[in-house]
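> predicted model and sequence follow; I will ask about them next.
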Amino acid sequence: MQDLPQGKFITLEGGEGVGKSTNLRFITQWLDEQGISYIQTREPGGTPLAEQLRSLLLEKRDERVDPTAELLMVFAARAQHLNQVIKPALAQGKWVVCDRFTDATYAYQGGGRGLDWALIAQLEQTVQGDLRPDSVLLLDVDPEIGLQRAASTGAADRFESEQMDFFRKVRAAYRKRAEGNPECYQLIDASVPLEEVQQSLAAALQQIAGGS
Ligand SMILES: Nc1ncnc2c1ncn2[C@@H]1O[C@H](COP(=O)(O)OP(=O)(O)O)[C@@H](O)[C@H]1O
Ligand SMILES: Cc1cn([C@H]2C[C@H](O)[C@@H](COP(=O)(O)OP(=O)(O)O)O2)c(=O)[nH]c1=O
């Protein structure tokens, strides 16, 4: 039986204010230039239901949000997004460029909130089966710098309102993920000027496209 076409699943990750929005524009421009067919999407979100869950997750509230409730909401949104949007696009041979995915769960709910990675891994397997990103582009910068950058782009949401210690744990967890699986992760220094970040991204994309 002939294999169905399968696009590449690329995720962009990093802490607050690392430059994800700016660099997503660069990535999609690069894909346009190469004539690669793709969709751009984000987590939490990407479908009407998942976007509603995103609003609930990001909204600041007086009630303390239980970390396990937060974790389950993130995976509820992911199940919907995967089945409605990501898998169909990959099956059509499109690339999927996703602004955050399950590495954010390991970093924020695992690192930041202190939930056990084994619990996250169980939910990951249940929701995703064997589906994992082909490549994770991880933008890495000291959170002090990231938060200064993010401050210029609007009001802080529930996550952005956390303390510095939370963001340090998020960064450490992301780096641990990348170090544990270097073939799948591109750890990109985002402290350098934007042009240099984008040179690294272009090199990473070239490598991913070459491997198809
Ligand atoms: N490498 C960089 N050096 C300096 N400033 C940057 C860099 N990357 C992004 N910025 C700036 O930081 C701010 C936040 O970037 P943005 O792309 O909105 O981050 P995010 O989407 O990760 O929150 C923007 O004003 C952007 O121009
Ligand atoms: C995907 C995902 C995101 N998040 C958080 C991280 C971010 O703070 C937030 C999403 O916001 P973000 O992607 O930073 O969007 P914006 O640039 O519009 O602020 O959701 C989790 O805590 N767990 C997850 O699994």
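Received it, and whenever you're ready, just let me know what you need. Ligands and ions are numbered 1, 2, ... in the order given.

> pretty sure Arg78 is in a helix, no?
Yes - judged by DSSP: H, G, I helix; E, B strand; the rest coil, Arg78 forms part of a helix.

> and the most centrally placed residue in the chain, how far from Arg175?
Centroid check for the chain by C-alpha atoms, centre = their mean gives Arg100 as the closest residue, at 1.5 Å. Remark: distance between Arg100 and Arg175 (C-beta to C-beta, to the nearest Å) = 16 Å. All C-beta atoms are positioned from the backbone trio N, CA, C, and that covers glycine.

> with Gln84 instead?
32 Å.

> repeat that for Ala155.
Distance from Ala155 to Arg175, by C-beta to C-beta: 28 Å.

> between the two, which one's more packed in?
Counted by other C-beta atoms under 10 Å, Ala155 and Arg175 do not tie: Arg175 has more neighbours, with 16 against 8.

> which residue ranges of the chain form strands?
9-14, 38-42, 95-99, 135-140, 185-189 (DSSP state E).

> list the residues that contact the residue nearest to Glu124 when sequence neighbours are not counted.
In space, and not counting its chain neighbours, Glu124 is closest to Thr102: 5.5 Å by C-beta to C-beta, 6 or more residues apart in numbering. Neighbour list for Thr102: 78, 120, 124, 128, 132 [criterion: C-beta atoms under 8 Å, 6 or more residues apart in numbering].

> next, the angle from the helix or strand of the chain with the lowest mean pLDDT to strand 9-14.
Within the chain, no helix or strand scores below helix 143-151, which has a mean of 91 by mean pLDDT, DSSP states H and E. Helix 143-151 runs at 100 degrees relative to strand 9-14, counting by axes from the mean of the first three to the mean of the last three C-alpha atoms, to 10 degrees.

> can helix 143-151 be found next to ligand 2?
No - applying C-beta under 6 Å from any ligand atom, one finds helix 143-151 separated from ligand 2 by no less than 7.5 Å.
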